[in-house]
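Asker: quick one, structure for this:
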Amino acid sequence: MAEIDVSFVMTVYNKERYLPSVLQALLNQSGLKNPEFIFVDDLSKDASVEIIERMTKDVPNVQIIKNTDNRGISIRINQGIRLAHGKFIRMLDSDDIFPIDSTAKMIELAEKYDADMVYGTFVKTGKDPEELTNEYLNKDFDLYYKKDALRAVLTGRFTRMGQLIKRDVLFKAKGADEKVFIQDETIPLRASFYANGIVKMFENVVLVPKEFGNLSENKIQLDHDRFMAYYDFLNEHKLLDKDILAQLNKRAVSAYWKYIRKTKTFPCFSKIFWTYLKTKIFTAQPNYDRLDVMAKEFSQAKVLRPKPY
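Answerer: Take a look at the predicted model:
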């Protein structure tokens, strides 16, 4: 059997409106030698699984995982990662559309720079999915390579699906933090700890069609999951360099401050406001007792949480 060059891992939950277009672009990815397609359904109640089965009927290297309970995005993406065989893994939500040549270009850049992670940008197009199935990358775009992947992630924006990461790195990182519902922040953070180099493309490698309602509309959910991603990482890696700890602390406190602004009256007169300012102006080191208090308050928030085994 030929070596699988890339495994696509898609989490699926009630996306029948998008899937025909998403799959068309995915299955038509150009320049690949032997791709693998892994679809992990989280107990969809619509025709999502049937659409995938129909459109991949004659496609090689396809796995369709039909779960019998709903567990959440992070758990399901990890389930797919564990099944992957490719040298690289590219993850996507079931409403993300890839430009036709984007995966091949990302692999090319990974090999050129000997980088374990390749990221691009994304764009909310406002277009119907059917309008986006035959898009290509621009021929010319800027990019940068950084050897220190963790510092790059902490000083840039790396929070969208569609990234390309070496499978070995994702295995070491154990994928997403399963205590966090939405995986966007945790995967780049955890993978970058183990990665040898990262490429950032300033080109849209994910095209987001017109949205008909999703989790990103729940801003408290986003604040909660962002905080927990950095809070958990801080507690797991307390011996990192001080500049990295300060960046992690800054991101955790910032997420908590955004939550407080949404839920409290006159938050600018609170202690957290001054804590937030301190992280913005100075390289403040984590106060773990204070972060524990923030985590405890977040634990009372009405948000979606991964269901435990």
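
Asker: state the distance from the residue nearest to Lys45 when sequence neighbours are not counted to Asn70.
Answerer: Ranked by Cβ to Cβ, 6 or more residues apart in numbering and with sequence neighbours excluded, the top spatial neighbour of Lys45 is Asn14, at 6.0 Å. Using the backbone N, CA and C atoms, a C-beta is placed for each residue, glycine as well. Distance of Asn14 to Asn70, computed by Cβ to Cβ, to the nearest Å: 10 Å.

Asker: tell me, domain by domain, which residues of this structure belong where.
Answerer: 6-214, 218-298 (automatic domain parsing).

Asker: endpoints of the last one, how far apart?
Answerer: As for domain 218-298, its first-to-last residue distance stands at 14 Å under the measure Cα to Cα, to the nearest Å.

Asker: so who does Gly175 touch?
Answerer: Counting by Cβ atoms under 8 Å, 6 or more residues apart in numbering, Gly175 touches Ser74, Ile77, Asn78, Ile81, Arg82, Gln183, Ile187, Arg190.

Asker: switch to 7 Å and redo it
Answerer: Counting by Cβ atoms under 7 Å, 6 or more residues apart in numbering, Gly175 makes contact with Ile77, Asn78, Ile81, Ile187.

Asker: does the first one sit in a helix, a strand or a coil?
Answerer: Reduced to three states with DSSP: H, G, I helix; E, B strand; the rest coil, the structure at Ile77 is helix.

Asker: just to check, it is in contact with Val12?
Answerer: No: counting by Cβ atoms under 7 Å, Val12 is not a contact partner of Ile77; they are 10.8 Å apart.

Asker: after the host helix or strand of Ile220, next one along is what?
Answerer: Per DSSP states H and E, Ile220 falls inside helix 219-236. Per DSSP H and E, the first helix or strand lying C-terminal to helix 219-236 is helix 242-263.

Asker: report the angle between that next one and helix 219-236.
Answerer: Helix 242-263 runs at 150 degrees relative to helix 219-236, counting by axes from the mean of the first three to the mean of the last three Cα atoms, to 10 degrees.

Asker: helices or strands up against the next helix or strand after helix 242-263?
Answerer: Using DSSP H and E, the helix or strand that follows helix 242-263 in sequence is helix 271-281. Packing partners of helix 271-281 (3 or more Cβ pairs under 7 Å, 6 or more residues apart in numbering; DSSP states H and E): helix 242-263.
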